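Novice: prediction below, plus the sequence it came from.
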Amino acid sequence: MNATSETMVENVTFDELHLGRSGRLVRQLTLADVRAFAALSGDVNPTHIDEAFAKGSIFHGLIAHGMWGGALISSLLGTFFPGPGTVYLEQTLQFRRPVRVGDTLSVVVTVIARDEAKKHVTLSCEVRNQTGELTLGGQARVLAPTEKVIRPRTPLPELHMFDPMSRLDSWVGGLAFAEHERPKCAVIHPCDEQSLSGAIEAARRGLFTPIVVAPRSKLEAIADAAGISLSGIEIEDVPHSHAAAYRGAEMAADGHVSMLMKGSLHTDEVMHEVLNRPALHTGRRVSHVFRFDIPTYPKPLLITDAAINIAPTLDDKADIIRNAIDVAHALGVALPKVAILAAVETVTPKMASTVHASALCKMADRGQIVGAVLDGPLAFDNAISAEAAHVKGIKSPVAGDVDVLVVPDLEAGNMLAKQLEYLAGAASCGVVVGARIPIALTSRADTAASRMASAALAALLVASTK
C-alpha cells in the first residue's frame with residue numbers, strides 16, 4: 001500500500017491486516033524539516049542546526065534528529081496503515097545510520113503478528129535511504145481499527161520556517177568595517193538598556209566608533225545595572241537629553257562625526273537640532289527609510305516615509321523617493337523597483353495620493369528622478385503581488401517584485417510599518433537620510449537588535465558616499 005492520497009484518508013481494518021501485508025511512505029528530508037522539528041521539539045542540539053559545529057562532529061555535517069524517522073513511522077501508522085482509529089501501544093527503535101538533508105527515505109511497516117482477541121497488531125518497521133541502506137529499524141504494536149474509515153484529509157496550514165531576526169543578523173554580520181574605515185558616530189542619550197545595548201553591540205561588531213553623548217552618571221548607572229561594559233568608550237558628559245541632541249548635531253556639523261544614532265529621547269529633539277544647522281542641509285527634504293525583513297516576502301523591503309514627514313507635498317515626495325533610492329543603492333540594489341502607494345490604482349482628482357503618484361512617475365520619465373523604476377498609483381496588494389495585479393488587469397514592471405514602498409503620508413506609513421512588525425513578524429531597522437549625515441533612528445520601543453541594525457544601515461550609507 002502506498003501513502004499517496006492528497007485529498008482522502010482511508011484506513012485498513014484489523015480484519016484486512018493479514019500477516020505480511022505492508023504499508024509504505026516516501027519522504028525527502030529538507031533543511032526546513034530539520035528546523036521545524038527542532039522548533040517544535042525544543043531539541044536544538046547543534047549537530048542538527050549549526051552547520052559549522054556539525055562539520056566538526058563525527059558526522060561531518062548536519063544530520064536529522066533521530067526521532068524524525070520515528071515521526072515518519074508514526075505518520076504512516078496513524079494516517080495510512082492502519083490509519084484512522086489506530087492507537088499506538090508500543091514502539092522500539094534501533095538507529096543504524098544518520099539521515100542527511102536531501103536524503104529520500106522509504107518507510108515500510110509490515111504485519112508480523114496479530115492478536116485476534118485484543119485486536120492488537122505487531123509490525124516490523126524499516127526506514128531506508130535512497131541507496132537502500134537501513135537508517136532506522138524496530139517494531140510497533142498498535143490497537144488496530146475495527147471499523148472502516150474513509151474521509152477527507154484535513155488540510156494543514158502552510159508552514160513557513162523563517163526567522164526575520166536571523167536574516168537581519170546575517171545581513172549585519174557581513175558589514176563589519178576595517179578599523180580605519182569605521183565611521184565615528186555620536187550616540188545621543190542612550191539612557192536605557194535597549195538603546196545602550198544596541199550601540200555597544202554595533203561598536204563590538206565593528207560597525208562604527210562610538211562617542212556616547214549623555215549624562216555620565218546616569219549612563220554609568222544604567223550600564224552597571226545591565227552588566228554592560230563601557231571600557232574604552234568615549235563619553236561626552238552633558239546634563240540632559242536636550243543638551244545631548246544639541247552636542248550630537250554640533251559634532252556632526254563640525255565634521256567630528258559622520259553619523260548619528262538616536263538613543264532614548266524623542267525623535268523631534270534630535271531632528272530639531274539637525275534641521276537647525278545649515279551645515280547639515282543638502283537641499284533635499286529629510287526623510288526616513290525603514291528596511292524590513294518579512295517572513296512572507298523573499299527580499300528586504302524598504303518603506304518610506306513613516307516617521308518624519310506628516311503630509312508630504314509632491315516636491316517632498318520626489319525627495320523622499322530620491323532618498324530611498326540612495327538607500328537601495330547602498331544596499332546593493334542597482335535599479336530598485338519603487339511602488340507609489342494609494343488606496344486605488346486609478347488616478348482620481350478626489351485622491352491627492354493618486355495624482356501625486358502619476359506625477360512622480362512622469363517626473364521619472366523626464367529624468368527628474370533617476371536610478372530606479374517607478375510605478376503608481378498602486379494599491380498595496382498590487383505592489384506586493386504580481387497575481388493581484390494580473391487579476392485587476394494591471395501591467396506593471398514593479399508589481400510583485402517591489403523594493404521600495406512609498407506611502408502617501410506618515411499616518412499610513414506608520415500603521416503599515418507597525419502592522420508588519422507586530423502582526424507579520426517582520427524585523428526592521430531605520431535611518432534618516434537627506435541630511436549630510438545619516439541618522440540611525442528607531443522607536444523607543446525597539447529592541448537592542450533593531451537599534452544595532454539601524455546603526456549598520458547608517459554606517460553602510462556613510463561607506464557608500466566615500
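Specialist: Received, thanks.

Novice: stretch 275-292 spans what distance, first to last residue?
Specialist: End-to-end span of stretch 275-292 (C-alpha to C-alpha, to the nearest Å): 26 Å.

Novice: per-residue confidence averaged over it?
Specialist: Mean pLDDT, stretch 275-292: 95.

Novice: how far away from the center of its chain is that stretch?
Specialist: A distance of 27 Å separates the C-alpha centroid of stretch 275-292 from that of its chain, computed with C-alpha atoms, centre = their mean, to the nearest Å.

Novice: may I see the buried residues of that stretch?
Specialist: Neighbour-count burial for stretch 275-292 flags 277, 280, 284, 285, 286, 287, 288, 289, 290, 291, 292 (criterion: 16 or more other C-beta atoms under 10 Å). The way it works is simple: take the backbone N, C-alpha and C, and place the C-beta from them, glycine included.

Novice: where do the helices sit along the stretch 201-350 of the chain?
Specialist: 216-226, 241-253, 267-275, 314-330 (DSSP state H, counting those that start in this stretch).

Novice: coming back round to it: CSV for the buried residues of stretch 275-292, including distance to residue 101?
Specialist: Converted to CSV, these look like this (distance: C-beta to C-beta, whole Å):
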residue, distance to residue 101
277, 55
280, 51
284, 48
285, 49
286, 47
287, 44
288, 41
289, 37
290, 34
291, 30
292, 29
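
Novice: show only the entries of those residues found in strands.
Specialist: Among those, the members found in strands (DSSP state E) are 287, 288, 289, 290, 291, 292.

Novice: most widely separated two among those residues?
Specialist: 287 and 292 (16.1 Å; C-beta to C-beta).

Novice: returning to that earlier point: which of the buried residues of stretch 275-292 sits closest to residue 411?
Specialist: The shortest approach to residue 411 among these belongs to residue 288, at 13.8 Å (C-beta to C-beta).

Novice: so how far is residue 269 from the closest one?
Specialist: 15 Å (C-beta to C-beta, to the nearest Å).

Novice: just residue 367 next, same as before
Specialist: For residue 367, the distance to residue 269 (C-beta to C-beta) stands at 38 Å.

Novice: of these two, which one has the most company?
Specialist: Between residue 367 and residue 269, counted using other C-beta atoms under 10 Å, residue 269 has the larger neighbour count: 18 against 7.

Novice: now do the same for the closest residue to residue 369 other than its chain neighbours: its pLDDT.
Specialist: Nearest non-adjacent residue to residue 369, counting by C-beta to C-beta, 6 or more residues apart in numbering: residue 363, 5.2 Å away. At residue 363, the predicted lDDT confidence score is 97.

Novice: tell me which element residue 363 falls in.
Specialist: Using DSSP states H and E, residue 363 maps to helix 352-365.

Novice: in terms of secondary structure, what does that helix contact?
Specialist: Applying 3 or more C-beta pairs under 8 Å, 6 or more residues apart in numbering; DSSP states H and E, one finds that helix 352-365 makes contact with helix 314-330, strand 337-341, strand 373-378.

Novice: what's the closest of the ones you listed to residue 148?
Specialist: Of all those, strand 373-378 sits nearest to residue 148, with 53.6 Å by C-beta to C-beta.

Novice: what residues does the closest one touch?
Specialist: With C-beta atoms under 8 Å, 6 or more residues apart in numbering as the test, strand 373-378 has contacts from 321, 335-342, 344-347, 353-354, 357-358, 360-361, 364, 389, 394, 396-399, 406.

Novice: among these, name the buried ones.
Specialist: Among the contacts of strand 373-378, the ones that count as buried by 16+ other C-beta under 10 Å are 321, 336-342, 345, 347, 353-354, 357-358, 360-361, 364, 389, 394, 396, 398-399, 406.

Novice: re earlier: which of the helices and strands packed on helix 352-365 sits closest to residue 201?
Specialist: Of all the helices and strands packed on helix 352-365, helix 314-330 comes closest under C-beta to C-beta, at 21.0 Å.

Novice: tell me the mean pLDDT over that closest one?
Specialist: pLDDT averaged over helix 314-330 gives 96.

Novice: next one: residue 22 relative to residue 139, how far apart?
Specialist: Going from residue 22 to residue 139 by C-beta to C-beta gives 13 Å.

Novice: no wait, residue 178
Specialist: Taken as C-beta to C-beta, the span from residue 178 to residue 139 is 61 Å.

Novice: those two - which one has more neighbours?
Specialist: Shown here are residue 178 and residue 139; by other C-beta under 10 Å, residue 139 has more neighbours (16 against 7).

Novice: excluding covalently adjacent residues, which one is nearest to that one?
Specialist: Per C-beta to C-beta, 6+ apart, closest to residue 139 is residue 92, 5.1 Å.

Novice: which of the three states applies to that neighbour?
Specialist: With DSSP: H, G, I helix; E, B strand; the rest coil as the basis, residue 92 sits in strand.

Novice: wait, isn't it in contact with residue 124?
Specialist: No - proximity of residue 92 to residue 124 does not meet the contact threshold set by C-beta atoms under 8 Å, at 10.2 Å.

Novice: who has more neighbours out of the two?
Specialist: Applying other C-beta under 10 Å to residue 92 and residue 124 shows that residue 124 carries more neighbours, namely 15 against 10.

Novice: and that one, what's its pLDDT?
Specialist: For residue 124, pLDDT reads 97.

Novice: ditto for residue 173
Specialist: Value for residue 173, per-residue pLDDT: 76.

Novice: I'd like the distance between the closest residue to residue 348 other than its chain neighbours and residue 425.
Specialist: Leaving aside its sequence neighbours, residue 348 sits nearest to residue 354 (C-beta to C-beta, 6+ apart; 5.4 Å). Separation of residue 354 from residue 425 (C-beta to C-beta): 31 Å.

Novice: before we move on, what about residue 260?
Specialist: Distance, residue 260 to residue 425, by C-beta to C-beta: 29 Å.

Novice: and residue 306, by the same measure?
Specialist: Where residue 425 is concerned, residue 306 sits at a distance of 18 Å (C-beta to C-beta).

Novice: equivalent analysis for residue 11, please.
Specialist: Noted for residue 11: a distance of 38 Å to residue 425, by C-beta to C-beta.

Novice: which one's more surrounded, the two?
Specialist: Counted by other C-beta under 10 Å, residue 11 and residue 425 do not tie: residue 11 has more neighbours, with 22 against 16.

Novice: give me every residue that touches the closest residue in space to the more buried one that isn't next to it in sequence.
Specialist: Of all residues not flanking residue 11 in the chain, residue 83 sits nearest, at 3.1 Å (C-beta to C-beta, 6+ apart). Each residue near residue 83 by C-beta under 8 Å, 6+ apart is listed here: 9, 10, 11, 12, 145, 149.

Novice: for whichever strand in the chain runs longest, packing partners?
Specialist: As assigned by DSSP E, the longest strand anywhere in the chain is strand 104-115. Contact analysis of strand 104-115 by 3+ C-beta pairs under 8 Å, 6+ apart lists strand 22-28, helix 66-79, strand 120-128, strand 134-143 as its packing neighbours.
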